[in-house]
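build me a model from this:
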Amino acid sequence: MLSDTARRVDDIVASAQAKGRVPSLIAGVVRDGTLAHVSAAGEVPRPEPDMQYRIGSISKSFTAALVLQLRDEGRLDLDDPLRHHLPDGPPGTTTLRQLLGHVGGLQREPDGQWWERSAGKDSDDLLAGVSATKMAYPPNHRYHYSNLAYGLLGTLVERIAGESWRTQVTKRLLEPLAMNRTTYHATEPFARGYVVHPWHGTLREEPRHDAGAMAPAGQLWSTVADLAVWAAFLANPAPSVLSPASVAQMCTPTVIDDVDAWTSGYGLGLRLWRRGERVYVGHTGSMPGYLAVQATHRPSRTGVVAFANAYTLHHSSIDTLGLDLLDAAVDETPVRVAPWRPGAAPPPEVEMLTGRWWWMGREYSAAWDAAARQLVMSSLTSPDATPWRFIQEGVDRWRCRSGSNDGEVLTVRRSGTGGIAALDIATFVFTRDPWSAL
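Purely as a prediction, here's the structure:
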């Protein structure tokens, strides 16, 4: 990272810790999968990249990833009603997709004492307290954040896979990503969490309860070094953990929660923030004594993670801090340009498809991406348009996976002699002749 950018990040962190009156604050900037810079302020304790803080609701993004993994394994469908998998759960038609996106209509918290500051119940007790009276809104009516929804999703994951949420998040996500310092319970060294007295600045240490069945909504502990891995994963997923298509689905808006300005929304287990022309994905978290944020700009593979060991950040908020840090990192650090490398020749039957094509007077170029094994069509008339990337599905049949034709089929039209006459993309016919009779 550029030295000027590092100084800017340091200034933001120092100012936030001082004005926010938090015992300690630490932030890390991720670039291209690497923790590029760490900035810390405060002395209670003196923060280090390997020191744990509680990440709160950032745990929801891990729960959502588990649900997507089970979907990809064919063990559930996102449009399944919750009752299909939890017959003893809340009545109604609320689907898994709606719960993941906080549009399921469930009330925010489970019944009983404030779960974040109390010893957790087991899943049977959680389910016993859920009924039709727990609906704040009809499903899909509007955005309504629900911790209870994620407690139920964690129970669903346990029922389907036959293992605890804790075991699955460790085995399926943390271990494959080598996130060895992200744990269910705090492990030393970890920062104690506090509430700061508003008048004389003294500290009250907060309890660190096991959330039980509500753990999928906010239990995990992590470090700047570890959560940086997750921030990088959201930009460049490891297919062995979760497919890029499924991660992209997590990052796609399910609902806009700011309908007047369209500056924030929610995907599947991820918050979405728009700042100017950029969209950032991630989550915030809070538990008694702790605040956390993780935000990623996927196109530039830049991310930010930050933790504070206080329940309140005065004169700001943890999400504003994270987004300000990410703005600074993306604005002031140039994107590395990937080097061009020679490619391999396409198969002969594919080579016949490359070159210039025309549709309605508009010129296109078809090229072969040997590394991805994709046929790529780019508009020469509108060079800023996203290229269409096609994957071969069979003889003379290709499926588009990007741009305006995403999901559509390209069919190779042949002449009576077997030669290539045209390309048919969703009934739009492309020819070699810009003034074809076709």
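
wait, Lys60 touches Met214, no?
No: if you go by C-beta atoms under 8 Å, Lys60 and Met214 don't touch, sitting 11.0 Å apart. C-beta: built from backbone N, CA, C; applies to glycine.

shared neighbours, these two?
By C-beta atoms under 8 Å, 6 or more residues apart in numbering, Lys60 and Met214 have these common neighbours: Tyr150.

confirm Pro239 sits in a strand?
No: going by DSSP: H, G, I helix; E, B strand; the rest coil, the assignment for Pro239 is coil, not a strand.

output the longest helix seen in the chain as CSV, nothing but the C-alphas.
Taking DSSP state H as the criterion, the chain has its longest helix at helix 3-20. Included here for helix 3-20 are C-alpha records, laid out as CSV according to Å, rounded to 0.1, in the frame of the first residue of the first chain:
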residue,chain,number,x,y,z
SER,A,3,2.7,5.3,2.2
ASP,A,4,0.3,8.2,1.9
THR,A,5,-2.6,5.7,2.0
ALA,A,6,-1.2,4.1,5.1
ARG,A,7,-0.9,7.4,6.8
ARG,A,8,-4.5,8.3,5.9
VAL,A,9,-5.7,4.9,7.3
ASP,A,10,-3.7,5.5,10.5
ASP,A,11,-5.2,9.0,10.9
ILE,A,12,-8.7,7.7,10.5
VAL,A,13,-8.1,4.9,13.1
ALA,A,14,-6.4,7.3,15.6
SER,A,15,-9.2,9.8,15.3
ALA,A,16,-12.0,7.2,15.6
GLN,A,17,-10.4,5.7,18.8
ALA,A,18,-9.9,9.1,20.4
LYS,A,19,-13.3,10.7,19.5
GLY,A,20,-15.1,7.4,19.9
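
quick check: next helix or strand after that helix?
Next helix or strand after helix 3-20 toward the C-terminus (DSSP states H and E): strand 24-31.

any idea of the mean pLDDT in whichever helix or strand comes after that next one?
Using DSSP H and E, the helix or strand that follows strand 24-31 towards the C-terminus is strand 34-42. Taken as a whole, strand 34-42 has a mean pLDDT of 97.

so which elements touch strand 34-42?
Strand 34-42 sits against helix 3-20, strand 24-31, helix 224-235, with contacts defined as 3 or more C-beta pairs under 8 Å, 6 or more residues apart in numbering; DSSP states H and E.

returning to what we had before: got the buried residues for the longest helix of the chain?
Of all the residues in helix 3-20, those buried under the rule 16 or more other C-beta atoms under 10 Å are Thr5, Ala6, Arg8, Val9, Asp10, Ile12, Val13, Ser15, Ala16, Gln17, Gly20.

domain ranges for the protein?
3-332, 348-430 (automatic domain parsing).

so which of those domains is the most surrounded?
Sort the domains of the chain by mean neighbour count, taking mean count of other C-beta atoms under 10 Å, and domain 3-332 sits at the top with a mean of 20.

centre of the chain to that one, how far?
Distance of domain 3-332 from the chain centroid (C-alpha atoms, centre = their mean, to the nearest Å) equals 10 Å.

pull up the distance across that domain, start to finish.
Domain 3-332 has its terminal residues 10 Å apart, counting by C-alpha to C-alpha, to the nearest Å.

please apply the same query to stretch 246-255.
17 Å.

run through who's touching it.
With C-beta under 8 Å, 6+ apart as the test, stretch 246-255 has contacts from 61, 64-65, 68-69, 71-72, 97, 100-103, 142-143, 233-234, 237, 265-270, 272, 281, 298.

can you tell me which of those end up in strands?
Cross-referencing the contacts of stretch 246-255 against strands under DSSP state E gives Gly265, Tyr266, Leu272, Val281.

all the helices of the stretch 301-438 of the chain, residue numbers only.
For the stretch 301-438 of the chain, applying DSSP state H, counting those that start in this stretch gives helices covering 318-332, 348-351.

can I get those helices in JSON lines including distance to Ala248 and mean pLDDT?
JSON lines is the format used below for those (distance: least, C-beta to C-beta, whole Å; pLDDT from 0 to 100):
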{"stretch": "helix 318-332", "distance to Ala248": "19", "mean pLDDT": "94"}
{"stretch": "helix 348-351", "distance to Ala248": "26", "mean pLDDT": "94"}
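
can you say which of the ones you listed is nearest to Ala186?
Closest to Ala186 of the helices of the stretch 301-438 of the chain, according to C-beta to C-beta: helix 318-332, at 19.2 Å.

got the angle between that closest one and helix 224-235?
70 degrees (axes from the mean of the first three to the mean of the last three C-alpha atoms, to 10 degrees).

what lies in contact with helix 318-332?
In contact with helix 318-332 (C-beta under 8 Å, 6+ apart) are residues 1-2, 4-5, 8-9, 12-13, 16, 27, 29, 31, 271, 273, 275, 278, 280, 282, 284-286, 291-297, 300, 302-306, 308, 313.

least confident secondary structure element in the protein?
Taking mean pLDDT, DSSP states H and E as the measure, the chain has helix 123-128 as its least confident helix or strand, at a mean of 86.

if we can go back for a sec, please identify which of the helices of the stretch 301-438 of the chain is closest to Pro49.
Short answer: helix 318-332, nearest of these by C-beta to C-beta, at 15.4 Å.
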